[in-house]
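1. the amino acid sequence is not available; the structure is as follows:
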């Protein structure tokens, strides 16, 4: 009797521990993803290829927000439509925690790094990338740890 009680208690503890681990999954990313905007991802439902573009000239400002502790975040879309972009990023981490980001231009083969920025915590960094064609596609990589929001105009 005691043995079956302890076994049942042990199983219950293991189930509760797993529930707590799975309950901490982060669902707060908006406009950001852990997948580069042109890579394939194998998922339970099949292959997902996020190749969609966001045309700033026709769709307006692209806003994003997100956080990650273990994986680089990327804009969910390839940004296109203008020859220059004004980018604003607010680092929501602590004052001494820097956020490193990099803006890339999508190219055949290796993507071209256009600009890198290091943003101090609790501050907003405004910068531009220019000398592009309206058909060029750019995206931003946010290197961990990330807790940021902002926009591309």
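-> Done, it's in. All values reported here derive from a predicted model rather than from experimental measurement.

2. wait, is residue 57 part of a strand?
-> No: residue state for residue 57 (DSSP: H, G, I helix; E, B strand; the rest coil) corresponds to helix; a strand is not indicated.

3. residues contacting it?
-> By Cβ atoms under 8 Å, 6 or more residues apart in numbering, the contact set of residue 57 is 81-82, 134. (C-beta placed from N, C-alpha, C; glycine too.)

4. tell me if I'm right that residue 134 and residue 84 touch.
-> No: if you go by Cβ atoms under 8 Å, residue 134 and residue 84 don't touch, sitting 10.2 Å apart.

5. is the nearest residue to residue 92 once chain neighbours are set aside bridged to anything, and to what?
-> Nearest non-adjacent residue to residue 92, counting by Cβ to Cβ, 6 or more residues apart in numbering: residue 147, 4.4 Å away. Beta-bridge pairing for residue 147 (DSSP bridges): residue 67.

6. with adjacent residues omitted, what lies nearest to residue 146?
-> Per Cβ to Cβ, 6+ apart, closest to residue 146 is residue 68, 4.7 Å.

7. surely residue 133 is in a strand?
-> No: according to three-state DSSP, residue 133 belongs to no strand; its state is coil.

8. give me the number of residues near the closest residue in space to it that isn't next to it in sequence?
-> Nearest non-adjacent residue to residue 133, counting by Cβ to Cβ, 6+ apart: residue 83, 6.7 Å away. Residue 83 has 13 neighbouring residues, counting by other Cβ atoms under 10 Å.

9. surely residue 83 meets residue 129?
-> No: using Cβ under 8 Å as the test, residue 83 is too far from residue 129 to be in contact (9.8 Å).
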